[in-house]
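A.B. asks: need a 3D model of the following:
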Amino acid sequence: MRILYILSTCLILSGCLVIIISFIKNLNNKKWKLKKKKDLKFGVVIPARNESSVIEELLKSLQVQMDTKDIYIIVEKATDKTVKIANKYGANTYIRKNITPERKRKGYALDECFKYLLEQKKKHDLYFIFDADNVVKENFIKEMLKTYEKGYLIASGYRNIKNNDNVYATCSGLTFTMINSLFNELKNKTNHSNIIMGTGYYIDSSLIKKWKGFPFHSLTEDYELSIYCSENNISTYYNKNAEFYDEQPTTMKLSIIQRTRWVKGFLDCRKGKLKNIKNDYERKFGIIPYLLILGGITIHLLTSILGFIIHLILKDTLFIRYLIYFVLCLLFLYLILFIITYIVIVHDMEKLNMSGKNILKTLFFNPIFLLSYLICFIKAIKTKELDWVIIDHNKTMY
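C.D. replies: Numbers count the residues shown, from 1 in each chain. Have a look, this model is predicted:
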């Protein structure tokens with residue numbers, strides 16, 4: 001038993017050491033080669049398969065900030081009700097031509113649309129990418145263009161919680177806030193490539209031309225793009241002042257389906273795609289240090305359970321000690337995640353779209369929500385092929 005406890009402790013300490021090393025290494029500032037720009041013309045691309053229930057709100061929020069004739073909405077069928085709403089706002093509709101089961105993913109939809117825009121020789125300096133369920137604040141475009149004018153080729157905004165009346169949704173949304181607060185803000189200061197999170201970001205059109213479309217087609221095309229930026233020293237930025245809202249799953253079942261896809265895509269993207277990353281140590285190590293820590297904690301818990309069962313069968317009072325070890329380990333893990341959650345909520349209190357009551361619920365439930373990533377990780381490893389599954393959106397803010 002003692003050997004197992006020593007092993008678990010070594011794993012936990014190793015994981016912590018790797019995190020510290022990657023943090024220190026990433027403190028070394030790089031220098032982006034930024035070229036300032038002005039007189040901008042931009043477009044907006046929105047994958048929107050069967051999103052008629054929510055897309056009007058996004059179009060309304062964009063209408064006051066731009067000319068809607070530069071909006072391109074991607075659908076799969078001309079009969080999609082989304083087309084009628086797009087026409088109402090003077091937006092363009094791109095109907096996909098090449099749809100097969102393996103090409104249902106968002107990355108393929110973007111690729112098709114960008115190739116079409118290149119063929120049409122559209123003269124846009126940059127393209128914003130949104131999901132149909134998003135709603136942007138009135139200053140979003142203005143704030144993001146400030147970033148683009150500085151010369152950043154890719155930038156993302158502040159992803160806030162749209163459906164704030166459900167604890168599963170707020171915990172899911174808080175995941176993005178944690179990534180932005182704990183990672184992207186530091187990456188801004190040290191000029192390391194940001195973690196791009198699927199929506200609410202722009203891409204310089206020169207990159208689209210270079211790629212001849214959008215060549216990121218995995219389950220997590222955003223993470224695949226993030227790795228590409230690290231490998232090729234692409235300048236990225238996280239603009240906290242450019243705020244938008246995003247709908248999140250409202251049940252644990254839907255959340256696990258979504259996060260299992262994320263984990264599967266994350267693992268697939270890392271296979272053989274990290275060779276050229278030279279100085280982004282956090283991205284090099286990925287989730288390895290967290291797996292070491294989680295593995296150490298798991299061994300500790302299983303050892304405690306085993307010791308409890310053995311000594312209970314032997315009617316030895318030592319079973320009480322192992323029970324205490326087990327409970328203390330769980331409490332320690334919960335406390336660490338609780339503290340991290342508290343820090344993130346306090347850090348972003350003024351921005352978070354959550355009521356006081358739901359903030360309290362989220363604070364106590366989020367550690368459990370984060371631990372459920374272990375379920376997602378196991379499911380992702382067990383499943384060889386995982387298709388993109390649509391999650392219905394129907395939440396409106398106004």
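
A.B. asks: touching, Asp125 and Phe42? I think so.
C.D. replies: Yes: with contact defined as CB atoms under 8 Å, Asp125 counts as touching Phe42 (6.1 Å). C-beta: built from backbone N, CA, C; applies to glycine.

A.B. asks: can I get stretch 294-304 in CSV, CA atoms only?
C.D. replies: This file holds the C-alpha atoms of stretch 294-304, laid out as CSV (Å, rounded to 0.1, in the frame of the first residue of the first chain):
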residue,chain,number,x,y,z
LEU,A,294,-5.3,13.0,-12.2
GLY,A,295,-3.6,9.6,-12.4
GLY,A,296,-1.9,10.1,-9.1
ILE,A,297,-5.1,11.1,-7.4
THR,A,298,-6.9,8.1,-8.9
ILE,A,299,-4.3,5.7,-7.7
HIS,A,300,-4.5,7.3,-4.2
LEU,A,301,-8.3,7.0,-4.2
LEU,A,302,-8.2,3.4,-5.4
THR,A,303,-5.5,2.4,-2.9
SER,A,304,-7.6,3.9,-0.1
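
A.B. asks: now for the protein, the helix or strand with the poorest mean pLDDT.
C.D. replies: Within the chain, no helix or strand scores below helix 281-285, which has a mean of 74 by mean pLDDT, DSSP states H and E.

A.B. asks: and the next helix or strand after that helix, which residues are buried?
C.D. replies: Following helix 281-285 in sequence order, the next helix or strand is helix 288-313 (DSSP states H and E). Neighbour counts over helix 288-313 (16 or more other CB atoms under 10 Å) mark 289, 292-297, 299-301, 303-304, 307-308, 311 as buried.

A.B. asks: any weak-confidence spans in this protein?
C.D. replies: 272, 386-398 (pLDDT under 70).

A.B. asks: pull the longest strand from it.
C.D. replies: Criterion DSSP state E: the longest strand present in the chain is strand 236-246.

A.B. asks: picking that back up, other SSEs contacting the least confident helix or strand of the chain?
C.D. replies: helix 2-25, helix 221-231 (3 or more CB pairs under 8 Å, 6 or more residues apart in numbering; DSSP states H and E).

A.B. asks: right, so the ones you listed: which one is the most enclosed?
C.D. replies: Across the helices and strands packed on helix 281-285, averaging neighbours per residue (mean count of other CB atoms under 10 Å) puts helix 221-231 on top, at a mean of 22.

A.B. asks: residues in contact with that one?
C.D. replies: Defining contact as CB atoms under 8 Å, 6 or more residues apart in numbering, one finds that helix 221-231 is touched by 105-107, 110, 154, 192-198, 214, 216-218, 234, 236, 265-266, 269-270, 273-277, 280, 283.

A.B. asks: how far is that helix from where the chain is centred?
C.D. replies: 12 Å (CA atoms, centre = their mean, to the nearest Å).

A.B. asks: with stretch 257-266 instead?
C.D. replies: Worked out by CA atoms, centre = their mean, stretch 257-266 lies 10 Å from the chain centre.

A.B. asks: contacting residues around it?
C.D. replies: With contacts defined as CB under 8 Å, 6+ apart, stretch 257-266 is touched by 172, 218-221, 223-224, 249, 286-287, 372-373, 376-377, 379-380, 383, 386, 388-389, 391.

A.B. asks: can you show me the CA trace of the longest strand of the chain as PDB?
C.D. replies: What follows is strand 236-246 as a C-alpha-only set of coordinates in PDB (Å, rounded to 0.1, in the frame of the first residue of the first chain):
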ATOM      1  CA  THR A 236      -3.000  36.100 -32.400                       C
ATOM      2  CA  TYR A 237      -4.700  38.100 -29.700                       C
ATOM      3  CA  TYR A 238      -7.500  37.800 -27.200                       C
ATOM      4  CA  ASN A 239      -9.600  41.000 -27.000                       C
ATOM      5  CA  LYS A 240     -11.500  41.000 -23.600                       C
ATOM      6  CA  ASN A 241     -13.400  44.200 -24.600                       C
ATOM      7  CA  ALA A 242     -15.000  42.500 -27.600                       C
ATOM      8  CA  GLU A 243     -17.900  40.600 -26.000                       C
ATOM      9  CA  PHE A 244     -20.400  38.200 -27.400                       C
ATOM     10  CA  TYR A 245     -22.800  35.600 -26.000                       C
ATOM     11  CA  ASP A 246     -22.900  31.900 -26.700                       C
END
